[in-house]
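*Asks:* Provide a 3D model corresponding to the input given below.
(chains A and B)
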Amino acid sequence: AQSVTQLGSHVSVSEGALVLLRCNYSSSVPPYLFWYVQYPNQGLQLLLKYTSAATLVKGINGFEAEFKKSETSFHLTKPSAHMSDAAEYFCAVSGNSGYSTLTFGKGTMLLVSP
Amino acid sequence: EAGVAQSPRYKIIEKRQSVAFWCNPISGHATLYWYQQILGQGPKLLIQFQNNGVVDDSQLPKDRFSAERLKGVDSTLKIQPAKLEDSAVYLCASSSRTSGGVGGEQFFGPGTRLTVL
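*Replies:* As a prediction, this is how the structure comes out:
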């Protein structure tokens, strides 16, 4: 069984500040890990994914995440926040075998102030 | 490339009524998913289809929810009868990985927001 825990339901940053959204996972098998973003009244869009290749994964819109097995973490970062980054972010985990499904965290709302 | 289409976008019903949602996945995507997203929570998988066969429906409340995927393309999700706790956004997603989307990207539709009064 897999699960993810996202620390903090809301994170507030100023425009230009570092963004750090935390995700810890639990998995009985080597996991695949994902970050999705959801803008208001829209579906989810994939930001980046880890599938056992490089541990530092770069995604769209300047986001990146690092897989740390020793810490069972996959935190999402961006060096400088933009107003357009304000959205809800979901971390998700799946197994690495056929028909493995995604299990999502509860989400973190990112608020960006001018 | 057209995205995942869903309709209706919004639906308000009384409890004990029935409702149906429709999803048209991205052309050629073999795998289709229905998720339920309750306010303040992440999406929860209800059912996964591979072509027109069910791969996983372990979290589908089968006493009131049903889903089908005719000819391996479009899909409908039905609730009958609806309860207050069914108020949520119902998301449809599709994936092109024939192995069920492992490591592959799932593309999400805009969702249907259901309110049960």
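*Asks:* switch to C-alpha atoms for all contacts and neighbour counts from now on
*Replies:* Fine.
*Asks:* what is the neighbour count of residue A:68?
*Replies:* When neighbours are defined as other C-alpha atoms under 10 Å in any protein chain shown, residue A:68 has 13 of them.
*Asks:* cool, and the one 10 residues further on?
*Replies:* Close neighbours of residue A:78, defined as other C-alpha under 10 Å, add up to 18.
*Asks:* what distance do you get for the spatially most central residue of chain B to chain A?
*Replies:* Nearest to the mean C-alpha position of chain B, counting by C-alpha atoms, centre = their mean, stands residue B:34 at 2.6 Å. Note on residue B:34: its distance to chain A, by C-alpha to the nearest C-alpha, to the nearest Å, is 11 Å.
*Asks:* same question, residue B:95
*Replies:* In this structure, residue B:95 lies at 11 Å from chain A, with C-alpha to the nearest C-alpha as the measure.
*Asks:* go on, residue B:46?
*Replies:* With distances taken as C-alpha to the nearest C-alpha, residue B:46 is found 11 Å from chain A.
*Asks:* just how off-centre is stretch B:106-117 within its chain?
*Replies:* 8 Å (C-alpha atoms, centre = their mean, to the nearest Å).
*Asks:* before we move on, what about stretch B:68-82?
*Replies:* Here stretch B:68-82 is found 8 Å from its chain centre; the criterion is C-alpha atoms, centre = their mean.
*Asks:* that stretch: end-to-end distance?
*Replies:* 18 Å (C-alpha to C-alpha, to the nearest Å).
*Asks:* would you map the helices across chain A?
*Replies:* Using DSSP state H, the helices of chain A do not appear at all; there are none.
*Asks:* for residue A:36, give me its contacts.
*Replies:* For residue A:36, the set of contacting residues under the criterion of C-alpha atoms under 8 Å, 6 or more residues apart in numbering or on different chains consists of A:44, A:45, A:46, A:47, A:48, A:89, A:90, A:91, A:92.
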